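Participant: I would like to see how this sequence folds:
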Amino acid sequence: MSAHVLTSSVSSALPVLRQVQRAYRWRRTARVLLPALAVAAVLAVAAWRWPQGQLAASSTALVATALLAWQLGLIWRQPLPHIARRLDRRYPALEDSTGLLLRPTTELNLLEQLQQQQVAIRLRELQGQAGPLLPVRFGPALWLAGAALLLAVGIGLWPRSAASLLTRPAPNVALRFPARPGSPPVPAPNRITETTIQIAPPAYTRRPAFTAAEASFRCPQGSRVQWTVQVAQAARPPQLEIGRQRLPFRPVPGSPRQFTVAYTFTASTLYRIRFAGQASDDYAVEVQPDRGPVVQIKTPKPYTLVEFGQRPEVAVRLTLSDDYGLTRARLVATVAQGQGEAVKFREVATDLSAALRGQPTQAQLTHVLRLPALGLTYGDEVYFYVQAWDNARHSSRSDTYLVQWEDTTVNEASSDMAMGVNVVPAYFRSQRQVIIDTEKLLAEKRGLDPATFASRANDLGHDQKVLRLRYGKFLGEEFEESFGQSAPRPPVAEPDADHADEASHSEAEEAGHDHGTPPPADASVTAESAQLLDTYVHHHDDSETADFLEPAVKAKLRGVLSQMWEAELRLRTARPAEALPYEYRALRLLKQVQQQTRLYVRKSGFEPPIIPESTTRLTGELTGAAAPQLRPPSAPAPAQSAVQVALGLLQQLRQGRPARSADAAVVERAAGALSQAALRNPGRYLSAVRDARQLARELRATRPPCASCLATVEAALTDLLPTPAAVPTRAVAPGRLSRRYFQEASR
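Facilitator: Purely as a prediction, here's the structure:
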């Protein structure tokens, strides 16, 4: 009996659970459908007010319908176990045991059966309460649906004038069909009543399709142009004539009086439409070709020298521009390492496309050329250029720029040899080595005590002094104290007893060399003879004449000694940081002196002797030489011949000659030349082409030609004539009065 009661209570709880599932599904479905229907109303009203947006509205509706179907499928595929878990989370009284109602009683033990019966009783008690067991929040859905409905009402109440401003329906392009002289008029119903021209630019322009306002229009290269015409009554389809091509219009499905045709333009041309035995005027299509990217490098200069002591980095700033959009850019650097035949080249490409996201039409790019990262050392060079691509895959590149790292590793003894001075000291430090040791001392300053730091700085000052004295000898400074002036008598150290005679002997020798002291009174050489000998005597105690250097080189060398003196002063006083700028300036001036002291030796080669004109003139062999012949000028091109003949005919017509039907062929040939010119410049020659054809029709009907047409066609044909070659003009002989004037003036 108890088992029967237990089974009946559980079986009555299962329908309750399924009822909760159905109610929960419908409530969630309603929450999803409310905003979906409101959005559908917005799309429907927008498509009604703006017909040109119907395609976009339809696409949006299809996507929304697919999302809605997917969401509803998820809702209606939720099984009963999912509902049981939601009930357990919402109602603690069920003790997370609602899932027992879905299991057969025979599979449960006694404790689970008792819990199943208790859950069924509590579920029926919860069902008796007011409201659904699993409520659904409709607040956000109602807000969204209300906003969408208000938007739909606003679109529906939008003034028609404003809507027309947004839609801008395709304008009707007027086509002119000139009547044939002498032909019967075409019936009024059989004509083109409406013409629209839709232009779809290519994808690389990223421009939307637009409608031409006139029959002559401009479009980007590769645009697809579609003509749609509507005729007054059903007839044979028109034809589109583009150059020598004839494209028939195709009827629009569902509209027997509408025809359409499309053509993709790659070059400028003329076109016209032929319908019912009539041809319209010629209209121009000006195709605008895509221009390549423009690359402008702002910095650095075309040639950049990275001097010693500067940071081996070069900042590159450039500007890129394009008419439709940039897609890619790169910097290509060619590294040249080594000298002479051992030079090696290596190419390194750096991508700069990170700043071109979104395909901008203009971009400012920056890049830093780090010479050590490229593998450069002193004396190496790098050539670089920038290349850019647009979204039409057109590319362009900049000029090639050169960056050179100054070479400071050359042995300075070579410059001494170039100066012609045979001085080979036992040992001395170069200026570059002094700089390196100074920088090393500054880097190790924190780990040195003051006494050691001052001692090492003093040693560097001594090395700077030795180097200064060495270069001072090139200016005639033979002693340490003679810096920057004529060498005076050197100070004599106090000799000891053992070297007294040697010191007196050296004083006597130096006295013999001292030419600057006044001569004794009893000297036999007079002042005139001393001045005469001054040109041939080498005054090695005078710094201005004791060398063979040029004045400009000596001026720079004095600057080198001055900078070395300042550096030595600061090194002696333990201030190497202040001495470093003077050391760098001394090194830079030394390199300039090396460049100026190089010799230029002209190459020697074979120089033929001068031909004596008086004996060899007009003595050459003339055997086999042909006499010069004057060739007649080449015949003009057929187009130029037709233009010249037409100009002569137009001049006769303007003088009153009666029109003849045969003259129409002459004007038509000239109109062909004008058509070719109109392809290159339609704005200048298109009206002349129309007037030429109008003039041909009038001449064929032997009517008096239009005066304005004659003037327009004649001016255009005159522009087509080539510029005449310049010919020498004969000088005008002076008159009797002029000759009398010059005779009187020459007296």
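Participant: Extract the residue ranges of the stretch 551-700 of the chain that are flagged as low pLDDT.
Facilitator: 598-606, 632-639 (pLDDT under 70).
Participant: So which residues of it form helices?
Facilitator: Along the stretch 551-700 of the chain, the segments classed as helices by DSSP state H, counting those that start in this stretch run 551-572, 576-596, 613-616, 638-654, 663-680, 682-700.
Participant: so how far is stretch 72-79 from its chain's centroid?
Facilitator: Distance of stretch 72-79 from the chain centroid (Cα atoms, centre = their mean, to the nearest Å) equals 55 Å.
Participant: Extract the CA atoms of that stretch and return them as PDB.
Facilitator: Output of stretch 72-79 as PDB, limited to C-alpha atoms (Å, rounded to 0.1, in the frame of the first residue of the first chain):
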ATOM      1  CA  LEU A  72      15.100  30.100 -29.900                       C
ATOM      2  CA  GLY A  73      16.600  26.800 -30.700                       C
ATOM      3  CA  LEU A  74      18.700  27.000 -27.600                       C
ATOM      4  CA  ILE A  75      15.700  27.800 -25.500                       C
ATOM      5  CA  TRP A  76      13.500  25.000 -26.700                       C
ATOM      6  CA  ARG A  77      16.200  22.400 -26.600                       C
ATOM      7  CA  GLN A  78      16.700  22.700 -22.800                       C
ATOM      8  CA  PRO A  79      15.900  19.300 -21.200                       C
END
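Participant: Outside of that stretch itself, list whatever touches it.
Facilitator: The list of residues contacting stretch 72-79 from outside it, by Cβ atoms under 8 Å, 6 or more residues apart in numbering, reads 21, 25, 28-29, 32. No exception for glycine: its C-beta is placed from N, CA and C like everyone else's.
Participant: pLDDT of it, averaged?
Facilitator: If you average the pLDDT over stretch 72-79, you get 78.
Participant: coming back round to it: next, format the helices of the stretch 551-700 of the chain as TSV and append distance to residue 205 and mean neighbour count.
Facilitator: Formatted as TSV, the helices of the stretch 551-700 of the chain follow (distance: least, Cβ to Cβ, whole Å; neighbours: other Cβ atoms under 10 Å):
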stretch	distance to residue 205	mean neighbour count
helix 551-572	61	19
helix 576-596	54	19
helix 613-616	69	7
helix 638-654	35	17
helix 663-680	22	20
helix 682-700	21	21
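Participant: how about a markdown table for the ones you listed, with distance to residue 210 added?
Facilitator: Listed next are the helices of the stretch 551-700 of the chain as a markdown table, based on distance: least, Cβ to Cβ, whole Å:
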| stretch | distance to residue 210 |
| --- | --- |
| helix 551-572 | 69 |
| helix 576-596 | 63 |
| helix 613-616 | 76 |
| helix 638-654 | 36 |
| helix 663-680 | 23 |
| helix 682-700 | 19 |
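Participant: Got the domain ranges for the protein?
Facilitator: 2-155, 192-288, 294-405, 420-488+538-596, 638-720 (automatic domain parsing).
Participant: top strand in this structure by residue count?
Facilitator: Longest strand in the chain, counting residues (DSSP state E): strand 326-337.
Participant: For the stretch 1-150 of the chain, give me the ranges with low pLDDT.
Facilitator: Residues of the stretch 1-150 of the chain meeting the criterion pLDDT under 70: 1-14, 50-54, 90, 93-108, 112-113, 115-116, 125, 127-131, 133.
Participant: so where is the stretch 151-300 of the chain shaky, pLDDT-wise?
Facilitator: Using pLDDT under 70, the stretch 151-300 of the chain drops low at 159-170, 179-190.
Participant: Strands of that one, start to end?
Facilitator: All strands of the stretch 151-300 of the chain, identified by DSSP state E, counting those that start in this stretch, fall at 192-200, 210-211, 217-220, 224-231, 239-242, 245-248, 250-252, 255-264, 269-275, 278-279, 283-288, 294-299.
Participant: The longest one pairs with which strands, and in what direction?
Facilitator: When pairs are called by DSSP bridges, strand 255-264 turns out to pair with strand 224-231 (antiparallel), strand 250-252 (antiparallel).
Participant: Quick check: residue 741 vs residue 56, distance?
Facilitator: With the distance defined as Cβ to Cβ, to the nearest Å, residue 741 ends up 88 Å from residue 56.
Participant: ugh, typo on my part, it should be residue 353
Facilitator: Where residue 56 is concerned, residue 353 sits at a distance of 32 Å (Cβ to Cβ).
Participant: likewise residue 740?
Facilitator: Separation of residue 740 from residue 56 (Cβ to Cβ): 92 Å.
Participant: go on, residue 76?
Facilitator: To residue 56, residue 76 is 31 Å away according to Cβ to Cβ.
Participant: cool, and residue 279?
Facilitator: Going from residue 279 to residue 56 by Cβ to Cβ gives 39 Å.
Participant: Show the end-to-end separation of stretch 263-279, please.
Facilitator: In stretch 263-279, first residue to last residue: 19 Å (Cα to Cα, to the nearest Å).
Participant: Would you confirm that residue 213 contacts residue 173?
Facilitator: Yes - using Cβ atoms under 8 Å, residue 213 is in contact with residue 173, at 7.4 Å.
Participant: More neighbours: these two, which one.
Facilitator: A count of neighbours by other Cβ atoms under 10 Å puts residue 173 above the other of residue 213 and residue 173, at 21 against 11.
Participant: Let me see the contact set for residue 450.
Facilitator: Per Cβ under 8 Å, 6+ apart, neighbours of residue 450: residue 574.
Participant: measure it to residue 462 for me?
Facilitator: 19 Å.
Participant: Which residues are in contact with residue 376?
Facilitator: 312, 335, 337, 382, 405.
Participant: List phi and psi for the residue positioned nearest the centre of the chain.
Facilitator: For the chain, residue 320 is the residue whose C-alpha lies nearest the centre (Cα atoms, centre = their mean; 2.5 Å). Main-chain torsions, residue 320, degrees, to the nearest 10: phi -120, psi 140.
Participant: Could you report the neighbour count for the closest residue to residue 298 other than its chain neighbours?
Facilitator: Spatial nearest neighbour of residue 298, chain neighbours left out: residue 317 (4.3 Å); criterion: Cβ to Cβ, 6 or more residues apart in numbering. Applying other Cβ under 10 Å, we find 13 residues neighbouring residue 317.
Participant: Residue 20 too?
Facilitator: Residue 20 has 22 nearby residues by other Cβ under 10 Å.
Participant: where does it sit relative to residue 134, distance-wise?
Facilitator: Distance from residue 20 to residue 134, by Cβ to Cβ: 6 Å.
Participant: tell me, what's touching these two both at once?
Facilitator: Taking Cβ under 8 Å, 6+ apart as the criterion, residue 20 and residue 134 both touch 83, 87.
Participant: three-state assignment of the residue lying closest to residue 156 once chain neighbours are set aside?
Facilitator: Excluding the flanking residues, the one nearest residue 156 by Cβ to Cβ, 6+ apart is residue 45, at 5.0 Å. Put simply, residue 45 is helix when judged by DSSP: H, G, I helix; E, B strand; the rest coil.
Participant: Done for today, thanks.
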